[in-house]
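**Student:** give me coordinates for this.
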Amino acid sequence: MATVSVDNGELVVTIRGMRKVWSLKSEITIPIAHVKGATVDPGIRDEFPRTIEKRVGTNLYQTYYGGTFVQDGDKVFWDVRKPENAIVITLDNEDFDRLVVEVENPRETVELVEGAVGKRP
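**Tutor:** Have a look, this model is predicted:
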């Protein structure tokens, strides 16, 4: 599971526990200016493509996806075990096109991100 915070104009996604090892990341920091928005998407696992162009991460028997995947030409970071708690953060001008992360409170986290995006100059 990940935690998402906004600090000094940056979105900070912190990967917790063993997922740091499985996803090969412990933290991702993105300037808010590069965040397009966030949505709650409990059906995200259904969208995971059967064909992955490139993968640097983990697929644990289709019960956990963690790491960097290329899907339909987009570079996407995943940290999801329970898709009902998944959110999608869409980015612009960053290494990743999207972050798909499981969080404790999806709606609150999306509101936090959307609030920060709405306040940017």
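**Student:** tell me the contacts of residue 31?
**Tutor:** 9-11 (Cβ atoms under 8 Å, 6 or more residues apart in numbering). Where C-beta positions appear, they are placed from N, C-alpha and C, glycine not excepted.
**Student:** repeat that with 6 Å
**Tutor:** By Cβ atoms under 6 Å, 6 or more residues apart in numbering, the residues touching residue 31 are residue 10.
**Student:** what's across from it in the sheet?
**Tutor:** Residue 31 has the following beta-bridge partners by DSSP bridges: residue 10.
**Student:** and if you look at residue 91?
**Tutor:** For residue 91, the beta-bridge partners are residue 35 (DSSP bridges).
**Student:** ok, it - how many residues close by?
**Tutor:** As a burial measure, residue 91 scores 21 neighbours (other Cβ atoms under 10 Å).
**Student:** distance of it from residue 116?
**Tutor:** Note on residue 91: its distance to residue 116, by Cβ to Cβ, to the nearest Å, is 13 Å.
**Student:** if I look at residue 67, how far off is residue 118?
**Tutor:** 30 Å.
**Student:** ok, the two, which is more surrounded?
**Tutor:** Between residue 67 and residue 118, counted using other Cβ under 10 Å, the more crowded position is residue 67 (18 against 9).
**Student:** so that one sits against residue 23, correct?
**Tutor:** Yes. With contacts counted by Cβ atoms under 6 Å, residue 67 reaches residue 23, the gap being 4.7 Å.
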